[in-house]
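Peer 1: sequence plus predicted model, see below.
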Amino acid sequence: MVAALAGVSRATVSRVVNGAPSVDPQLASSVEKAVRTLNYVPNRAARTLASRRTYTVTLLVPESTSKVFADPFFATVVEGVARYLNTTEYMLNMVTSSEANPEKTRRYLMGGNVDGVLVVSHHTGDHSWAHLNGSLPLVFAGRPLINAKDSYFVEVDNEEGAVAATARLVESGRRHIATIAGPQDMPPGVDRLAGWRTTVLEAGLDDALVETGDFTVTSGAAAMRRLLGRGKPLDGVFAANDQMAAGAYSVIKERGLRIPEDIAVVGFDDDYYATSVSPALTTIHHPIAALGEKMAELLVELIEGRPAERIHRLPTSLVVRESA
């Protein structure tokens, strides 16, 4: 009907609708006018049958739904992913709490429902995505700690960021620097702990002041209580994300200590929590939206069979505020 109204072939309509640059501008204008007149919308089901693509990608987050919606990291990743996909024909859906029923998730992903998967916040014990490599295009936020050899991933330089954060504490004269590390079954947890440890050892300081959290405010508070409960001198803390730093703040103040006079604090992410606490948090800027955008771009390249680099690493930067 569009072709008949515009006086062109169906092939020309197809090229215009799909954004091909080779169509004569006058013909393209006729087609676009006919499309508007007829309120034509391409049939996604027909496209799927013809191309064997669903034009859908899944953001897979192996975490509880409550954690996902409480953490600004995930919303910012989605923002970046959506920003790129909005320039394409691909739609985004999201699967959370997948480890509660990994077989259900795997059946969905392998059932022809999606063209590719973005995996965020993965752990070494996850099962929902562990056997997808080679079956579906797969892009990770951060290198996976298992099956990393042939994986495609986008990450920030977590270790370099942790070095910069800890160096800020060393340079400000702190000599008893603890860390609240992230989970050790996740790449950011492992790498940020490594960066802290490298820096304190190079400065000739104690590397035993370590407690671990799960990137939540509650876990940061609990870790800070354990650190102070050791009864050892403590004048600086590097928390592996801003939420755990916010938890540490509450305990430091609860004990009648001052930030930064008694204990200086540095976080990681530069998210909402960094500016909502008082004093404002010195932290490492993590380009989270850019990470999501690059992940989506890389996944579309893989889906469409275009050349793609396996590893993309984004830089971090130190943001100095009042806490250190």
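Peer 2: Cool, got the structure.
Peer 1: looking at the protein, which helix or strand does the model trust least?
Peer 2: Sorting the helices and strands of the chain by mean pLDDT, DSSP states H and E puts helix 44-51 at the bottom, at a mean of 53.
Peer 1: look up how far residue 303 lies from residue 314.
Peer 2: Going from residue 314 to residue 303 by C-beta to C-beta, to the nearest Å gives 22 Å. Quick note: C-beta positions are derived from backbone N, CA and C, even for glycine.
Peer 1: for residue 167, same thing?
Peer 2: 41 Å.
Peer 1: show me what contacts the closest residue to residue 70 other than its chain neighbours?
Peer 2: Among residues not flanking residue 70 along the chain, residue 216 sits closest, at 7.6 Å (C-beta to C-beta, 6 or more residues apart in numbering). Shown in contact with residue 216 (C-beta atoms under 8 Å, 6 or more residues apart in numbering): 67, 70, 71, 243, 244, 247.
Peer 1: returning to what we had before: so residue 314 and residue 303 - more neighbours on which side?
Peer 2: residue 303 (20 against 14; other C-beta atoms under 10 Å).
Peer 1: what sits against residue 22?
Peer 2: Counting by C-beta under 8 Å, 6+ apart, residue 22 touches residue 15.
Peer 1: so how far is residue 15 from it?
Peer 2: 7 Å.
Peer 1: how about residue 291?
Peer 2: 34 Å.
Peer 1: more neighbours: which of the two?
Peer 2: residue 291 (23 against 18).
Peer 1: just to check, the more buried one is in contact with residue 314?
Peer 2: Yes - the criterion here is C-beta atoms under 8 Å, and residue 291 meets it with residue 314 at 6.0 Å.
Peer 1: could you tell me which residues touch both of the two?
Peer 2: Joint contacts of residue 291 and residue 314 (C-beta under 8 Å, 6+ apart) are 154, 155, 156.
Peer 1: mind checking which of those are in strands?
Peer 2: Under the assignment DSSP state E, those contribute 154, 155, 156 to strands.
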